[in-house]
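*Asks:* Kindly return the folded structure for what I paste below:
(one chain, ligands or ions: 2)
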Amino acid sequence: MKNTPWLVIGAGAIGLFWACKLEKLGNKVHLVYRSESPGKKITLESLTDEDGQQQVSVSKHKIKSFKAEELTDQYDKVLICTKSFDLKNAFSQVAAHVSDQANIACLCNGIGAQAELQNILLETQTLWAGTTSEGVLKIEANHIKHTGLGDTYFGEWQQTTPAKSFPIESLTVANIHQRMIEKLAVNAVINPITAIFNIHNGDILNEEFKPLIDATLSELSNVFTHPKFSYSQESQHLTQENLKNRVNTIAQLTRLNRSSMHEDLRLQRQTENSFISGFLLENSPIELPVQRLLYDGVAFSEQREEVKKKLLSLS
Ligand SMILES: NC(=O)C1=CN([C@@H]2O[C@H](COP(=O)(O)OP(=O)(O)OC[C@H]3O[C@@H](n4cnc5c(N)ncnc54)[C@H](OP(=O)(O)O)[C@@H]3O)[C@@H](O)[C@H]2O)C=CC1
Ligand SMILES: CC(C)(CO)C(=O)C(=O)O
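*Replies:* Ligands and ions are numbered 1, 2, ... in the order given. Prediction:
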């Protein structure tokens, strides 16, 4: 299987990063782009941890890129690196080139898009949901910068017995739903607050945002520990204290970065709001007034100033 190419879909920051990473691991890679061709060579400025010291190295990767309609091969390993709202369509475009027994992995933030994708796969195909805490910035069509070291995990979306192993065995985990809900929890705090207030991730730790952060965390821990929450088995451990530690750590580690939602609002692009706050609002067994305000503040620009005032007056 190793010599059949990986099909990576999406030539954004994460797609280019994974195309380079898979190639470095000795795989052949075919990359599908939508609007902007990355050309034949991708430059990766990568970070590595050498005995606790972060080192930067620059490497060039020869990767074959295609538009979906130019594909001719059949693929048995697919990695989709689009935003959550594009996931299902991105797969549909290449579905005729994906084998019946294929492993299909996705790496998008939020929850909801994975189930939409599962619904259109064949029973014989395996969906691997992924989460990543790597930070990657796309500088040009063929140039990316690794801005934060992180971990990536994949797990079967629908568990099978015996459990299968992801084509890159070391990245396989059994508890992907737990990891996804943990990531969602962090995104449901940092992303909307940084986007609405137009601030960097580290700024949410400032004193002026403390009552808002506390109110957001308290409400989230009430959902996550609620026995009727659809993910309750995977989220019981997310108490207010546990959430606070997670959010503070990520805000600190990425303090100088803009969150993806902040960047999307700033550049007037579609956000992943529906798959983060939207997922929580749809699936919570209790009312979530703070998360509702955050959702509205991101979704409706005309309400943003009013939402900001309400959020800052929370105690
Ligand atoms: N960047 C990061 O550091 C991190 C990102 N993530 C998550 O990873 C996911 C990807 O993020 P990121 O790479 O930054 O996002 P980008 O917006 O940079 O990239 C997404 C890419 O998908 C492409 N795409 C969308 N639909 C299709 C399609 N039908 N066919 C081919 N390509 C398509 C887009 O093309 P086009 O250029 O035409 O829009 C775009 O290039 C998101 O869910 C994000 O939240 C998670 C952690 C960190
Ligand atoms: C973890 C965080 C908040 C890092 O910026 C992120 O995942 C995002 O921006 O979407």
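*Asks:* List the buried residues of stretch 158-173.
*Replies:* For stretch 158-173, burial by neighbour count (16 or more other CB atoms under 10 Å) applies to 166, 167, 168, 171, 172, 173. For glycine as for every other residue, the C-beta is placed from the backbone atoms N, C-alpha and C.
*Asks:* Please save the CA atoms from it in CSV.
*Replies:* Extracted C-alpha coordinates of stretch 158-173, given in CSV (Å, rounded to 0.1, in the frame of the first residue of the first chain):
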residue,chain,number,x,y,z
GLN,A,158,-17.3,4.5,13.4
GLN,A,159,-15.4,2.1,15.6
THR,A,160,-15.0,-1.5,14.3
THR,A,161,-14.0,-4.7,16.0
PRO,A,162,-11.3,-5.5,15.8
ALA,A,163,-10.1,-1.9,15.5
LYS,A,164,-8.4,-0.9,12.3
SER,A,165,-5.1,0.9,12.1
PHE,A,166,-4.6,4.2,10.2
PRO,A,167,-2.1,3.9,7.3
ILE,A,168,0.4,5.9,9.4
GLU,A,169,0.2,3.6,12.5
SER,A,170,1.8,5.9,15.0
LEU,A,171,-1.0,8.5,14.6
THR,A,172,-3.8,6.1,15.3
VAL,A,173,-5.9,6.6,18.5
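*Asks:* pLDDT on that stretch, on average?
*Replies:* Averaged over stretch 158-173, pLDDT sits at 92.
*Asks:* try stretch 137-149
*Replies:* Computed over stretch 137-149, the average pLDDT equals 94.
*Asks:* Is it in proximity to ligand 2?
*Replies:* No - against ligand 2, stretch 137-149 shows no contacts by CB under 6 Å from any ligand atom, the least distance being 7.5 Å.
*Asks:* which residues are in contact with that stretch?
*Replies:* 11-13, 16-17, 20, 36-39, 41-49, 54, 133-136, 253-254, 257 (CB atoms under 8 Å, 6 or more residues apart in numbering).
*Asks:* Please compute how far it lies from its chain's middle.
*Replies:* How far stretch 137-149 lies from its chain's middle: 16 Å, per CA atoms, centre = their mean, to the nearest Å.
*Asks:* May I have the distance across it, first residue to last?
*Replies:* One end of stretch 137-149 sits 12 Å from the other (CA to CA, to the nearest Å).
*Asks:* Please apply the same query to stretch 137-146.
*Replies:* 6 Å.
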